[in-house]
Structure formats: structure tokens, C-alpha cells
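In: Here is a sequence together with a model predicted from it:
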Amino acid sequence: SQQGEEDPQALSIQEGENATMNCSYKTSINNLQWYRQNSGRGLVHLILIRSNEREKHSGRLRVTLDTSKKSSSLLITASRAADTASYFCATAPNQGGKLIFGQGTELSVKP
Amino acid sequence: EAQVTQNPRYLITVTGKKLTVTCSQNMNHEYMSWYRQDPGLGLRQIYYSMNVEVTDKGDVPEGYKVSRKEKRNFPLILESPSPNQTSLYFCASSHLPGQGAGEQYFGPGTRLTVT
């Protein structure tokens, strides 16, 4: 069952601008993860934020989590052309190893 | 190098001809999973395994089988492929999940076309 929904579905920006992607989900979670996928390739894990955390940073990435609104956002600062990819949020329920993926945001960063 | 490998990477086959997609990981992970990715539907879990000889259905298991005889390998079997199984398939692995799933490592994908 699909839980995460990303918004927007597609985003086009210029190099150097910031990119913000949002994810909403429906049920309680243990953690939320963001993945990146270059066209037709495997997904790469970016960052994991636990349900008791509100914000997390990794390099140019900043993730926030609002469990009261059941939403998360991924901010990529000072974007580069190499950031062009699809970005997926995935929610982890409280039990088991399941990850439920959203449909992704397609980010295009123009040089 | 820590990695998940899948073979073949590309496969075109005909309806009804049994096929196996192999998946292997070298990270000693207990948890392994298969997903399919289709436009507009995102990634959907087919089957998963928490450890050797332990497998369970995901969200879309119909038409697929798996086995986990060794920790490192988790093959996906299509006994009688049909055109609606044309998709991009990913294998993933992780350490045994605690109260929630951890970081998953993905293979490069297998693009399957069934005519």
C-alpha cells in the first residue's frame, strides 16, 4: 500500500538555487528515509530521521519531520547539475523491515 | 566493496518461459527484499526475507516466488511470466530491522520485458 506522497511531482531549478521536496504519510512510523535515484539506476540512501527527531542535516541536505502533521521535507541547498535525479521518501512502520515508498519527486537542476 | 548485485541487468522474454533473477549481497545482511518499480506507482515490495529460510509476501507477490537458502543470495523466480510483469526490479538488503526498517542498500536493477 502506498503511504508516502511526494510534492511536487517534478521540480526544475537553476544551479545554485535551493530545492525543497515534501512528503506526506498516513500512519504512525518508526522512521522516515529519503533516497535518491539517478535515471534507471538503483536507489541510494540519503538520510534517515527517526520519529523522535525533528531535523537532521547531512552536507547540503536538511530533512525535517513533523509527526503531528505526518509530513517531512527534504531541502537541498546550493543545488548542482549533478543533483538531477528522482528523490523518494520511504516510511518505516513501527514493526518489521518494511519500507513504504512514495512515487518520488523528479528534480532537474539546470546549469 | 559493499554491494548488491543483480543478474541479468536486462532481459527480454516471452510469456510463460520460466526465469530467475539472481540477487547477491556481500554485507552479511540478514534482511533482503525485492521491489518492482512502475511509472506512476513508485516502488512496491514483492517479497522479503528476514533471514535464511524465512521469507514472506510483500504487497504484490502474485506470480513470483523467492527462496533464501543462503544468507547472501535471494533469487526472484517467475514461473510463468506474463506481460504485466514487465517492470524494473530491484533487490535490496539491510541489517536486521529493529523496531523499524534501517538503511537499505539497492542493487542496480533488472529491466524485464515480457512479450
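Out: Right, received. Where do you want to start?

In: Pick out the residue of chain A closest to chain B.
Out: Sorted by distance to chain B under C-beta to the nearest C-beta, the residues of chain A start with A:Asn30, at 2.5 Å. In short, each C-beta sits where N, CA and C put it, glycine included.

In: Distance check, that residue against A:Ser58.
Out: Applying C-beta to C-beta, to the nearest Å, one obtains 19 Å for the distance of A:Asn30 from A:Ser58.

In: Mind checking which of the two has more residues around it?
Out: Of the pair A:Asn30 and A:Ser58, A:Asn30 is the one with more neighbours under other C-beta atoms under 10 Å in any protein chain shown, namely 19 against 11.

In: Now do the contacts for the more buried one.
Out: A:Asn30 makes contact with A:Arg50, A:Ser51, A:Ala92, A:Pro93, A:Asn94, B:Gln99, B:Gly100, B:Ala101, according to C-beta atoms under 8 Å, 6 or more residues apart in numbering or on different chains.

In: leaving aside the residues next to it on the chain, what's closest to it?
Out: The spatially closest residue to A:Asn30, leaving aside those adjacent along the chain, is B:Gly100, at 2.5 Å (C-beta to C-beta, 6 or more residues apart in numbering or on different chains).

In: any idea of the mean pLDDT in stretch A:56-74?
Out: The average pLDDT for stretch A:56-74 rounds to 97.

In: Would you pull up how far that stretch lies from the middle of the chain?
Out: The gap between where stretch A:56-74 is centred and where its chain is centred comes out at 8 Å by C-alpha atoms, centre = their mean, to the nearest Å.

In: For it, output the C-alpha coordinates as PDB.
Out: Below are the C-alpha coordinates for stretch A:56-74, written out as PDB (Å, rounded to 0.1, in the frame of the first residue of the first chain):
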ATOM      1  CA  LYS A  56      18.600  16.300  10.600                       C
ATOM      2  CA  HIS A  57      21.500  17.600   8.400                       C
ATOM      3  CA  SER A  58      23.900  15.800   6.100                       C
ATOM      4  CA  GLY A  59      26.200  18.000   4.000                       C
ATOM      5  CA  ARG A  60      23.900  20.100   1.800                       C
ATOM      6  CA  LEU A  61      20.800  18.100   2.800                       C
ATOM      7  CA  ARG A  62      18.400  19.200   5.500                       C
ATOM      8  CA  VAL A  63      15.500  17.000   6.500                       C
ATOM      9  CA  THR A  64      12.600  17.900   8.800                       C
ATOM     10  CA  LEU A  65       9.900  15.700  10.200                       C
ATOM     11  CA  ASP A  66       6.600  16.900  11.700                       C
ATOM     12  CA  THR A  67       4.900  13.800  13.100                       C
ATOM     13  CA  SER A  68       1.800  15.800  14.200                       C
ATOM     14  CA  LYS A  69       1.300  16.800  10.500                       C
ATOM     15  CA  LYS A  70       2.600  13.500   9.200                       C
ATOM     16  CA  SER A  71       4.900  15.200   6.900                       C
ATOM     17  CA  SER A  72       8.600  15.600   6.100                       C
ATOM     18  CA  SER A  73      10.600  17.900   3.800                       C
ATOM     19  CA  LEU A  74      14.000  17.500   2.100                       C
END
